[in-house]
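A.B. asks: Let's see this in three dimensions:
(2 chains)
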There are 2 protein chains.
Amino acid sequence: MSTSAVPGPRPALDPAALEQVFTGARTAHRFTDEPVTDEQVAAIVDLVKHPPTSMNTQPMRLLLVRSPAAREKLATMMSGSNGDKTRAAPLSIVVAADRRFDEEVPRLFPHVPDARALFADDAFRERTAVFNTALQLGYLILGVRAVGLAAGPMTGIDAPAIEREFFPDGEHAVVAVVNVGVPDPAGFRPRGPRLAVEEVVRTV
Amino acid sequence: MSTSAVPGPRPALDPAALEQVFTGARTAHRFTDEPVTDEQVAAIVDLVKHPPTSMNTQPMRLLLVRSPAAREKLATMMSGSNGDKTRAAPLSIVVAADRRFDEEVPRLFPHVPDARALFADDAFRERTAVFNTALQLGYLILGVRAVGLAAGPMTGIDAPAIEREFFPDGEHAVVAVVNVGVPDPAGFRPRGPRLAVEEVVRTV
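C.D. replies: Alright, predicted model coming up:
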């Protein structure tokens, strides 16, 4: 079913690539005016659709907010300076979890015929949707970096207001807004402290 | 505060790197016997600590299950074939969300003096812990691939049992177990279908 070569043992990415995606990349708060095209977004989604989700559920949905009226409305639904950052960004993407991802499960997980029934419970379906959307948001942020752009993810948002305005079906949980573009080097902030490895890892 | 170069506009990673991390990488179900050392884990954590979390909360905690007794116990707490996969893997990592991540917030988000108070509500703190751990799990899976290894993430687990056994403080929510190692090429399965870009992306 896969068209990719099956991976085997291999070396790490070269240092410049690790720096671009992980160690040197930064959350961008300001961008240049260079636009981000639909074709660039499609290329990013074509990358980040590949890493795994629970039972291949893929619940993340992306809303590109492009029209001036929609952009302004979105900006008013964000906390603190996030509204102005969003007004100034070349592209803002609302990231939402589709609570009805289960409708696609028969197609996405066909080798388990009853798989959809596992998500009959509303609370479990909601948890699965949000958890896997967060996982996919991680892939998305690194994918934006991998194609050479910068991401400015924000969770300081009025999610219920954004849902009412942009997802009137009531079946989407908005989890973040991500600004995307070519970063303005003057728009980075000092990186916050990171936990040390020994604070994160324990062995039994 | 950062020791990294500030990133500017740049080209995409080369195709081999994109293939290694995104398009060609696969969830591994079987591995060779080659061990995964603590030093390799530290290198992975040192990579994946960098991408962002909400308010720099970094709630993901990793438990390396190495002793034979602990490995066997963990394997009995997993669904279906996940137990045998875990028994055979060179390394199994329990991924947990630390509900008391807020204790570190004054150190991790020092420019907002009252930031910890934002997490006073138990339900919001729990949601923040799990959401950001899922985000960091996305970084972790891609980080494992970036250093040349393969990941086998599993959410088919008895999380409450694993919590009782390995996190008796009651302050950690187990979200996944990830097997890590050099993949056995015979241990991949066909890739499941992916949603098309137009099923994921909408524009307003």
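
A.B. asks: For the residue of chain A found nearest chain B, the count of nearby residues, please.
C.D. replies: Nearest to chain B, among the residues of chain A, is residue A:138, at 2.2 Å (CB to the nearest CB). C-beta: built from backbone N, CA, C; applies to glycine. Here the neighbour count serves as a burial measure; for residue A:138 (other CB atoms under 10 Å in any protein chain shown) it reads 27.

A.B. asks: Name the SS class of it, please.
C.D. replies: Using DSSP: H, G, I helix; E, B strand; the rest coil, the three-state assignment for residue A:138 comes out as helix.

A.B. asks: List the contacts of the residue lying closest to residue A:136 once chain neighbours are set aside.
C.D. replies: What sits nearest to residue A:136 in space, not counting adjacent residues and going by CB to CB, 6 or more residues apart in numbering or on different chains, is residue A:60, at 3.8 Å. Taking CB atoms under 8 Å, 6 or more residues apart in numbering or on different chains as the definition of contact, the neighbours of residue A:60 are A:95, A:96, A:97, A:98, A:132, A:133, A:136, A:137, A:140, B:200.

A.B. asks: can I get the CA coordinates of stretch A:141-150 in PDB?
C.D. replies: Provided in PDB are the C-alpha atoms of stretch A:141-150 (Å, rounded to 0.1, in the frame of the first residue of the first chain):
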ATOM      1  CA  ILE A 141       4.900  22.800  13.600                       C
ATOM      2  CA  LEU A 142       8.000  20.700  12.700                       C
ATOM      3  CA  GLY A 143       6.700  20.300   9.100                       C
ATOM      4  CA  VAL A 144       6.400  24.100   8.700                       C
ATOM      5  CA  ARG A 145      10.000  24.400   9.800                       C
ATOM      6  CA  ALA A 146      11.200  21.500   7.500                       C
ATOM      7  CA  VAL A 147      10.000  23.400   4.400                       C
ATOM      8  CA  GLY A 148      11.900  26.500   5.500                       C
ATOM      9  CA  LEU A 149       9.100  28.600   7.000                       C
ATOM     10  CA  ALA A 150       8.500  29.500  10.600                       C
END
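
A.B. asks: Any residue of it touching chain B?
C.D. replies: Yes - when contact is scored as CB under 8 Å from any CB of the partner chain, part of stretch A:141-150 falls within range of chain B: A:141, A:142, A:143, A:146, A:147, A:148, A:150.

A.B. asks: Arrange the residues you listed in a markdown table, one row each, with neighbour count and pLDDT as further columns.
C.D. replies: Formatted as a markdown table, the residues of stretch A:141-150 next to chain B follow (neighbours: other CB atoms under 10 Å in any protein chain shown; pLDDT from 0 to 100):
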| residue | neighbour count | pLDDT |
| --- | --- | --- |
| A:141 | 28 | 98 |
| A:142 | 27 | 98 |
| A:143 | 26 | 98 |
| A:146 | 23 | 97 |
| A:147 | 19 | 97 |
| A:148 | 16 | 96 |
| A:150 | 27 | 96 |
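
A.B. asks: Output those in CSV; the columns should cover secondary structure.
C.D. replies: Converted to CSV, these look like this (three-state DSSP):
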residue, secondary structure
A:141, helix
A:142, helix
A:143, helix
A:146, helix
A:147, coil
A:148, coil
A:150, strand
